[in-house]
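[1] can't give you the sequence, but here's the structure:
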């Protein structure tokens, strides 16, 4: 009976210690939210595919663009900030996770006087103590485990935030580069137009001097020349501002940017298989970031709930103590072990409100996640309709440019033959110049609609390992 009783007590102690060390976890467990997704995209005419090309910018076949994107991924300050936040989140995880384990300190004191230990003495006494101490708050309610899981989810969110910044950067570099090519092409169109109109003005001036044409024709030719001349500083300004913006994206001081092929030589990418809508949530890093932020915030509800309950802690010390230090009298080793309990009783609803605060924040984070998903699908639909409509619009304006060019040549011949007035020449010149500028802008928008689609599909962000692989195998320049 005595042996059986001892074994039962031993089991009871083990059970109690197991409960103290593991306990339970209050608060809700994270449940991934259910998101409704469409069965297909409204404007997708291609076949479905699962994966999106990681190096989508190579489809434009411009080595300069490739180099700019690679440089920006290394030097851009926003990317570096996002990478640093990953390290911060990793440190926070270690910091928070340490609360689950005992804390060890060194404690010591020395005193002299005639009032030690709460007792007055007739003589002057000395005493001292030194030794390590232990303090361990048992995670009985799961407060520290919840906080650790929250920090771990924050770490994952920061990693996807880094990928989101990379994706946005790649998109911004590509679209800004295309705008730069557009402004340079429109500048060249303006210069060519000015050169042509100067020749026309010279002819009109000679005819006016000979009394062949009225002064009105001369004034109208002068107006057309100045219109083309005014466009040149406009596009020079746009080029400089765009180069400055692109330089900052590259992590450089503002300066001139080298470009490769002209805008009209840029290759329109082939038709993009956008994949199934359900896979979009797996590819978009901003959706994954919002998902883990929701996970982290849900765990914070459990932390708040645990703060409403008593905290159980173990403490102890071991060391050496002595009195009459100057005389080197040693009283020997000392030790102490104990347990403590501390918890709220009534704080006018403060602890209850703490939980309500975290629940409200979790609801806000859920709405943020759901809205991120909605925006993701909208961006894909927007990019698809832009590709379709810009393609048809570019083709129409291209035909308009060809017709305007021919009309301008014919009107000049008719004017030289005296068949028509100079007003007809002016109108065809205006239409031709306007159509050329519009075509350049639309072609740039058409290129950038593909850029926006790849961003919307979540393609293009790169891990450090992928960046290293990319650096070791740059694309070959194509003729």
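    Sure, I can see it. Source: prediction; values computed, not measured. Numbers count the residues shown, from 1 in each chain.

[2] how about low-confidence regions in this protein?
    1-23, 43-55, 115-118, 273-275, 319-332, 460-479 (pLDDT under 70).

[3] would you list every one of the strands in it?
    Taking DSSP state E as the criterion, the chain contains strands spanning 103-116, 119-138, 311-323, 330-342.

[4] Any chance of the ones you listed in JSON lines with mean neighbour count and distance to residue 169 as columns?
    All C-beta atoms are positioned from the backbone trio N, CA, C, and that covers glycine. Conversion of the strands of the chain to JSON lines gives the following (neighbours: other C-beta atoms under 10 Å; distance: least, C-beta to C-beta, whole Å):
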{"stretch": "strand 103-116", "mean neighbour count": "11", "distance to residue 169": "42"}
{"stretch": "strand 119-138", "mean neighbour count": "14", "distance to residue 169": "44"}
{"stretch": "strand 311-323", "mean neighbour count": "16", "distance to residue 169": "46"}
{"stretch": "strand 330-342", "mean neighbour count": "10", "distance to residue 169": "49"}
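
[5] Out of these, the one nearest residue 63 is which?
    Using C-beta to C-beta as the measure, strand 103-116 is the one of these that comes nearest residue 63, at 57.1 Å.

[6] Which neighbouring elements make contact with that closest one?
    Packing contacts for strand 103-116, counted by 3 or more C-beta pairs under 8 Å, 6 or more residues apart in numbering; DSSP states H and E, involve strand 119-138, strand 311-323.

[7] ok, 6 Å please
    Applying 3 or more C-beta pairs under 6 Å, 6 or more residues apart in numbering; DSSP states H and E, we find strand 103-116 packed against strand 119-138.

[8] who are the neighbours in contact with residue 392?
    With contacts defined as C-beta atoms under 6 Å, 6 or more residues apart in numbering, residue 392 has no neighbours.

[9] Start the count at 12 instead of 1 going forward.
    Got it, the first residue is 12 from now on, which makes the last one we talked about residue 403.

[10] Residue 346 versus that one, what's the distance?
    Relative to residue 346, residue 403 is positioned 86 Å away (C-beta to C-beta, to the nearest Å).

[11] Also residue 75?
    Separation of residue 75 from residue 346 (C-beta to C-beta) stands at 73 Å.

[12] Contacts only, for the residue nearest to the spatial centre of the chain.
    The centre of the chain sits closest to residue 176, judged by C-alpha atoms, centre = their mean, with a distance of 2.7 Å. With contacts defined as C-beta under 6 Å, 6+ apart, the neighbours of residue 176 are 89-90, 93.

[13] Could you do residue 160 as well?
    Taking C-beta under 6 Å, 6+ apart as the criterion, residue 160 is in contact with residue 310.

[14] What's the separation between it and residue 100?
    Noted for residue 160: a distance of 13 Å to residue 100, by C-beta to C-beta.

[15] now swap in residue 243 and tell me
    Here the criterion is C-beta to C-beta. By it, residue 243 lies 51 Å from residue 100.

[16] The two: which has the busier surroundings?
    Under the neighbour definition other C-beta atoms under 10 Å, residue 243 and residue 100 were set side by side, and residue 100 has more, 20 against 16.

[17] Can you verify my assumption that the more buried one contacts residue 169?
    Yes - with contacts defined as C-beta atoms under 6 Å, residue 100 counts as touching residue 169 at a distance of 4.1 Å.

[18] count of neighbours near residue 388?
    Residue 388 has 19 neighbours, counted by other C-beta under 10 Å.

[19] Save the strands of the chain as a markdown table, and put in distance to residue 254 too.
    As requested, the strands of the chain are exported to a markdown table (distance: least, C-beta to C-beta, whole Å):
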| stretch | distance to residue 254 |
| --- | --- |
| strand 114-127 | 56 |
| strand 130-149 | 58 |
| strand 322-334 | 60 |
| strand 341-353 | 63 |
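
[20] Of all those strands, which one is nearest residue 236?
    Of all the strands of the chain, it is strand 114-127 that lies closest to residue 236, at 82.4 Å by C-beta to C-beta.

[21] Partner strands of the closest one and their direction?
    In the sheet containing strand 114-127, the strands it pairs with under DSSP bridges are strand 130-149 (antiparallel).

[22] Check the offset of the partner strand from the chain's centre.
    Using C-alpha atoms, centre = their mean, to the nearest Å, the distance from the centre of strand 130-149 to the centre of the chain it belongs to is 55 Å.

[23] Check stretch 239-253 too.
    Taking the mean of its C-alpha atoms, stretch 239-253 sits 32 Å from the chain's own mean (C-alpha atoms, centre = their mean).

[24] for it, which positions count as buried?
    Buried residues in stretch 239-253, defined by neighbour count with 16 or more other C-beta atoms under 10 Å: 239, 242-243, 246, 249-250, 253.

[25] Likewise for stretch 375-382?
    The neighbour-count check on stretch 375-382 (16+ other C-beta under 10 Å) flags 376-377, 380 as buried.

[26] Tell me which of the residues you listed fall in helices.
    376-377, 380 (DSSP state H).

[27] I'd like those as CSV, with distance to residue 140 appended.
    CSV is the format used below for those (distance: C-beta to C-beta, whole Å):
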residue, distance to residue 140
376, 50
377, 54
380, 55
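
[28] Relative to residue 276, which of those is nearest.
    For these, the closest approach to residue 276 (C-beta to C-beta) belongs to residue 380, at 42.8 Å.

[29] Helices of the protein, residue ranges please.
    In the chain, the helices defined using DSSP H lie at 13-33, 74-86, 88-108, 154-220, 226-260, 291-294, 296-317, 361-427, 433-467, 475-483.

[30] And the ones you listed: which comes nearest residue 132?
    With distances scored as C-beta to C-beta, the stretch of the helices of the chain nearest to residue 132 is helix 13-33 (42.2 Å).

[31] Next one: residue 156 relative to residue 35, how far apart?
    Applying C-beta to C-beta, one obtains 10 Å for the distance of residue 156 from residue 35.

[32] Counting neighbours, go ahead and name the busier of those two.
    Between residue 156 and residue 35, residue 156 has the larger neighbour count (other C-beta under 10 Å), namely 20 against 10.

[33] Farthest from the middle of this structure: give me that residue.
    Farthest-out residue of the chain from its mean C-alpha position, per C-alpha atoms, centre = their mean: residue 133, at 73.2 Å.

[34] excluding its backbone neighbours, what's nearest residue 366?
    Distance criterion C-beta to C-beta, 6 or more residues apart in numbering; nearest residue to residue 366, sequence neighbours excluded, is residue 315 at 4.3 Å.

[35] Any idea how many residues pack against that neighbour?
    Burial of residue 315, expressed as a neighbour count using other C-beta under 10 Å, amounts to 22.

[36] Check the contact between it and residue 369; I expect there is one.
    Yes - in terms of C-beta under 6 Å, residue 315 counts as a neighbour of residue 369; the distance is 4.5 Å.
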